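*Asks:* Curious how this folds, go ahead:
(one chain, ligands or ions: 1)
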Amino acid sequence: MMNPGMELDLGWVQKTTINLPAVERRAATLRTRRTVKKSWQAAWLLRAVTCIDLTTLSGDDTSSNVSRLCYKAKHPIRDDLLKAMGMEDAGIEVGAVCVYSSRVPEAIKYLKQAGGSSIPVASVATGFPAGQTPLETRVEEIRRAIKMGAREIDIVISRTKALQGDWQGVYDEIKVCKEACGADVHMKTILGTGDLGTLTNVYKASLVAMMAGSDFIKTSTGKEGVNATLPVGLVMVRAIRDYYHKTGVKVGFKPAGGIRSAKDSCTWLALMKEELGDEWMKNDLFRIGASSLLTDIERQLYHFVYGRYAAAHQLPLA
Ligand SMILES: O=C[C@H](O)COP(=O)(O)O
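*Replies:* Reported below is the predicted structural model:
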């Protein structure tokens, strides 16, 4: 379900403060909790695969790495591993492929070639990663990406406005972006939490983004100095919970940036399960934005199936 948004409720936004030590204590329990083991772990890792927004956002992106990425999106795990787990017919594929808008047409072409047309292409837009271009240019970028076939749009908020406490300005801009996305394109809003200074700002930005109609809130671009951290994730999912209690609308969550290990993906899934419940562990409400996570997940699944780790050449790049 898309988020219709609501009027900006500044009273709600302003009244919240976050208790940093309490958030850090709770986040630490997630990091140190006993992880799921054996076949449960394999099942969680396969679930994580289906939630990945498989990403390449580099200045040196070319059609060849986009083509490899798209093949991997459709065939994220080697066939022999899937067969050994009895999962060869489960249709395991990633949640989306995420690229810069100029790479959207080739991502669509290569997904089609790989038999993966069902996988949406997500385009970053709005002056990603800094968001420091005029609003008209940012909105035009969204329109063009959609015209080229993007089915999901990852926008960035103005950290300048957020840091100046101009929540009305942040809300208005996100709303304009949502209108440009229209009724069929999912909009994920990147808060750039590493730039926001405090967890209180993270909570406020989360609320404002949801009030303005974001379908997902996302931690980071992957380009800030600090990207997805558990304390930030905890504050954001609590904001999602509060918004759900107030409006009945379920907004998705996407941690992104620096998530590289299979264990991390299980920790983020555990956060969703414990804070929001099982419904938020599926890819309509949970994504992990990552460029290299899949490599480690496939490596761990190889170990699960064969009892030893693969040599690098046996698991070519995700
Ligand atoms: O949205 C996804 C991020 O840009 C990916 O960051 P990463 O390269 O650290 O996995």
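
*Asks:* quick one: what helix or strand has the nearest residue to residue 36 once chain neighbours are set aside in it?
*Replies:* Excluding the flanking residues, the one nearest residue 36 by C-beta to C-beta, 6 or more residues apart in numbering is residue 44, at 5.4 Å. For every residue, glycine as well, the C-beta is placed using N, CA and C. Per DSSP states H and E: residue 44 is located in helix 38-50.

*Asks:* quick revisit: distance of the residue nearest to residue 36 from residue 187?
*Replies:* Remark: distance between residue 44 and residue 187 (C-beta to C-beta, to the nearest Å) = 28 Å.

*Asks:* Who has more neighbours out of the two?
*Replies:* Each of residue 44 and residue 187 has its neighbours counted (other C-beta atoms under 10 Å); residue 187 has more, 25 against 21.

*Asks:* Could you look up the SS state of that one?
*Replies:* Recorded secondary structure, residue 187: strand (DSSP: H, G, I helix; E, B strand; the rest coil).

*Asks:* Double-check it against residue 213; I have them as touching.
*Replies:* Yes - with contact defined as C-beta atoms under 8 Å, residue 187 and residue 213 form a contacting pair (7.2 Å).

*Asks:* shared neighbours, the two?
*Replies:* Listed contacts common to residue 187 and residue 213 are residue 178; contacts here mean C-beta atoms under 8 Å, 6 or more residues apart in numbering.

*Asks:* List the contacts of the residue in the stretch 101-250 of the chain that the ligand sits nearest to.
*Replies:* Residue nearest to the ligand within the stretch 101-250 of the chain: residue 222 (2.5 Å; C-beta to the nearest ligand atom). Counting by C-beta under 8 Å, 6+ apart, residue 222 touches 55, 57, 129, 256, 257, 258, 289, 291.

*Asks:* Now intersect those residues with the strands, please.
*Replies:* 55, 289 (DSSP state E).

*Asks:* What's the local residue count around residue 122?
*Replies:* Residues near residue 122, counting by other C-beta under 10 Å: 29.

*Asks:* same deal with the one 3 residues further on?
*Replies:* Using other C-beta under 10 Å, residue 125 has 28 neighbouring residues.

*Asks:* who touches it in this structure?
*Replies:* 101, 138, 141, 142, 145, 153, 154, 155, 177.

*Asks:* Need phi/psi at it.
*Replies:* Main-chain dihedrals, residue 125, degrees, to the nearest 10: phi -150, psi -180.

*Asks:* Mind listing what's buried along the lowest-mean-pLDDT helix or strand in the chain?
*Replies:* The least trusted helix or strand in the chain, going by mean pLDDT, DSSP states H and E, turns out to be helix 20-32, with a mean of 89. For helix 20-32, a neighbour-count test (16 or more other C-beta atoms under 10 Å) marks 23, 26, 27, 30 as buried.

*Asks:* mind pulling up the phi and psi values for the closest residue to residue 50 other than its chain neighbours?
*Replies:* Excluding its sequence neighbours, the residue lying closest to residue 50 (C-beta to C-beta, 6+ apart) is residue 283, at 5.3 Å. Phi and psi for residue 283, reported as degrees, to the nearest 10, are phi -80, psi -10.

*Asks:* go on, residue 70?
*Replies:* Here is the backbone geometry of residue 70 (degrees, to the nearest 10): phi -70, psi -40.

*Asks:* What about the closest residue to it other than its chain neighbours, how many residues nearby?
*Replies:* Leaving out its chain neighbours, the residue that sits closest to residue 70 by C-beta to C-beta, 6+ apart is residue 110, at 3.6 Å. When neighbours are counted by other C-beta under 10 Å, residue 110 registers 23.

*Asks:* picking up where we left off before, as JSON lines, the buried residues of helix 20-32 with distance to residue 194 would be great.
*Replies:* What follows is those, written out as JSON lines (distance: C-beta to C-beta, whole Å):
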{"residue": "23", "distance to residue 194": "16"}
{"residue": "26", "distance to residue 194": "20"}
{"residue": "27", "distance to residue 194": "16"}
{"residue": "30", "distance to residue 194": "19"}
